[in-house]
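>>> coordinates only, sequence not included:
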């Protein structure tokens, strides 16, 4: 391969990667957020749920918040502008960290599944997930971790 042809091929490949990243952005997995603590409250900016698609503002159905003070991340589901639910991503069966898929959480170790409300959908887990009180204050979601 000659130098000119090599540079041309690499340039097209780079353009293709940039274009693919743009198109796949809307299909990407959960958004992870390093949330900050204020006393016993985990603070999540409401703007974390927003994203733009075709020049239109849309909202993610959930995000995953983590912090070094937490042993397990917290998934936060958005049901409406004022209704949210925060769930500890710890399986109630053996304590494995859960994974989020759309509107459910799944244990990669034993297959337990939970709804976005924390209820058991499929065992072996029998107990629901731990939930935390959530309140909206201005532009911030305050999750009471106490």
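Perfect, I can see it now. Just so you know, these numbers come straight off a predicted model, no measurement behind them.
>>> ok, and the closest non-adjacent residue to residue 118?
residue 129 (3.6 Å; Cβ to Cβ, 6 or more residues apart in numbering). Bear in mind the C-beta positions are built from the backbone N, C-alpha and C, glycine included.
>>> Could you pull out the helices in this structure for me?
In the chain, helices defined by DSSP state H lie at 3-24, listed in chain order.
>>> For the chain, which element, helix or strand, carries the lowest mean pLDDT?
helix 3-24 (a mean of 61; mean pLDDT, DSSP states H and E).
>>> sorry, back to before: the residue nearest to residue 118 against residue 113, yeah?
No: with contact defined as Cβ atoms under 8 Å, residue 129 and residue 113 do not form a contacting pair (10.9 Å).
>>> Of these two, which one has the most company?
residue 129 (24 against 17; other Cβ atoms under 10 Å).
>>> got a list of what that one touches?
With contact taken as Cβ atoms under 8 Å, 6 or more residues apart in numbering, residue 129 is in contact with 87, 88, 89, 90, 92, 98, 105, 114, 118.
>>> Now, of those residues, which are buried?
87, 88, 89, 90, 92, 98, 105, 114, 118 (16 or more other Cβ atoms under 10 Å).
>>> residue ranges with poor pLDDT in the chain?
10-29 (pLDDT under 70).
>>> Could you rerun that using 90?
Within the chain, the segments meeting pLDDT under 90 span 1-38, 47-61, 80-82, 101-103, 123, 125, 146.
>>> Filter the buried ones among the contacts of residue 129 down to the ones in strands?
Among these, the members found in strands (DSSP state E) are 87, 88, 105, 114.
>>> Reformat those as TSV; add distance to residue 144.
Shown next, in TSV, are these (distance: Cβ to Cβ, whole Å):
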residue	distance to residue 144
87	13
88	12
105	20
114	20
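>>> list the buried ones in stretch 117-137?
Neighbour-count burial for stretch 117-137 flags 118, 120, 125, 129, 132, 134 (criterion: 16+ other Cβ under 10 Å).
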